[in-house]
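Peer 1: After the sequence you'll find the predicted model.
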Amino acid sequence: MGNKSNKKSLIITGFPYAFPYYFKVFECLENKDNFIFILPKLWLAKKGKVRIKLQQKPNLEIYGLSAVSYGGHGIRGLFKGWLPGIIFLLPYLKIKYGTRILYSCSEPNLLTTLYNGMIAKLCGFRHVIFTWQNIAPQKYMGGLKLRIYTILVRLNLFFADGVICGNKKAQKIISNFKFPISNTIVCPISGVDTEKFRPGIIGNWREQLNIKPEEKAILFYGALDRRKGLNVLIDASYKLSAINCKLIIVGTGPKQEDLKLQVASYKLQDKIIFLDWMPNDQLPALLNSADIFVYPSVPTKGWEEQFGYAMAEASACSVPVIATHTGSIDEVVLHGETGLLVEPNNPEQLAEAMIGLLTNENLSRQMGEKGRKYVTENFSHKIIAEKISNFLNKFL
């Protein structure tokens, strides 16, 4: 069963960890020698526009395999992140290292997860899976689709020994399938780099964007799609005529042109600035240039915000957050403490919240400081790495 002194007990796989800013959580592990990573050697995101090549990391053992599906509709979507070669790699690693646990960071409604679970059990592994899903499937699907979903989830839970749930609602949904709550944990797939995202980072964004010292800066970054509620944010911004401020919207997406037309219809071109998607490394300085961060997410077709890394990053920089009371946002933003939560699709409430924080510097500063403390203590890479490691080691 391998040399005991060279033992590596845990394997982690799953396409989310192809993204370097998610994978970075594992660089905080204290017991790195106990882990092996099996990841896509190439991952295509944003319909192939973003190509992520697997990079080796010092002191970490990483294997790259070819992915067959990058997601999509129908059967392709069910095989998202499928690494067929894992069937050969798992028994090899078990013989070489005595590996005993496979953590598949993929949802329980995927055939990819089922494939991993079946191979894990054939090889004598304990299997742990992940889920973000925070809406009960009965609320947004029915008929044959619901039957297929339910069968897949039940099969994956049958082959699973544990489930890491990205939020509290996901844990409740898993427990409704009669899966033992003692074998679950609430923990996102990764944390926030609180050393990179911190207050006090000096940049020249305000000068670049021609934001005067007396002007307040409102920031959003993320996908420019319907789910993020940016049309509501622009409606709310129109109501801020009494506030000397500018709104910065960073990102790309299908609603980009529609949003620019909306801005033009309000004649707010000198008040709202659009910036293209930018690397994660540039965001800390931009956040430190902002007075508030706004994330007006809205429920859309059976989807609600499942965590909100952008909001956690803003809080880590001591920037107060205004968001909507939907999905699992209230686990990231504490209403009245680290920020304010308003009803989704309500530009009046959103405008009122923005005015409240932009005109009350003491309250804004207090919420920012509490946000930094909350994220550091609950969602930093170090905290999340320890939670994942401790949970996986429970199954040894």
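Peer 2: In hand now; what should we look at? Since we're looking at a predicted model, the values are computed, not measured.
Peer 1: The residue most central in space within the chain and residue 78, how far apart?
Peer 2: The centre of the chain sits closest to residue 309, judged by CA atoms, centre = their mean, with a distance of 5.1 Å. Separation of residue 309 from residue 78 (CB to CB, to the nearest Å): 25 Å. All C-beta spots, glycine's among them, are computed from the backbone N, C-alpha and C.
Peer 1: do residue 379 as well
Peer 2: 30 Å.
Peer 1: the more surrounded of those two?
Peer 2: Using other CB atoms under 10 Å, the more surrounded residue of residue 379 and residue 78 is residue 379, with 23 against 20.
Peer 1: these two touch, right, the more buried one and residue 312?
Peer 2: Yes. Contact criterion CB atoms under 8 Å: residue 379 and residue 312 qualify, at 5.3 Å.
Peer 1: so what sits against both of these two?
Peer 2: Here residue 379 and residue 312 share the contacting residues 192, 332, scored by CB atoms under 8 Å, 6 or more residues apart in numbering.
Peer 1: Could you list which residues are in contact with residue 42?
Peer 2: 51-54, 66-67.
Peer 1: Closest to residue 358 out of the residues you listed?
Peer 2: Nearest to residue 358 among the contacts of residue 42: residue 52, at 37.5 Å, using CB to CB.
Peer 1: A strand includes the closest one, no?
Peer 2: Yes. Counting by DSSP: H, G, I helix; E, B strand; the rest coil, residue 52 is found in a strand.
Peer 1: what are the bridge partners for it, then?
Peer 2: When bridges are called by DSSP bridges, residue 52 pairs up with residue 43.
Peer 1: Show me how the record splits the protein into domains.
Peer 2: 4-190+380-393, 205-378 (automatic domain parsing).
Peer 1: nearest spatial neighbour of residue 302, skipping sequence neighbours?
Peer 2: Excluding its sequence neighbours, the residue lying closest to residue 302 (CB to CB, 6 or more residues apart in numbering) is residue 140, at 2.7 Å.
Peer 1: Count the residues that sit near residue 200.
Peer 2: Using other CB under 10 Å: residue 200 sits among 8 other residues.
Peer 1: Would you mind confirming that it makes contact with residue 288?
Peer 2: Yes. Between residue 200 and residue 288 a contact is recorded at 7.1 Å, counting by CB under 8 Å.
Peer 1: ok, back up a step: burial of the residue nearest to residue 302, as a residue count?
Peer 2: Neighbours of residue 140 (other CB under 10 Å): 14.
Peer 1: any idea how far residue 111 is from it?
Peer 2: Residue 140 sits 20 Å away from residue 111, going by CB to CB.
Peer 1: same check, this time on residue 251
Peer 2: 31 Å.
Peer 1: now swap in residue 217 and tell me
Peer 2: For residue 217 relative to residue 111 (CB to CB), the value is 45 Å.
Peer 1: ditto for residue 368
Peer 2: For residue 368, the distance to residue 111 - CB to CB - is 44 Å.
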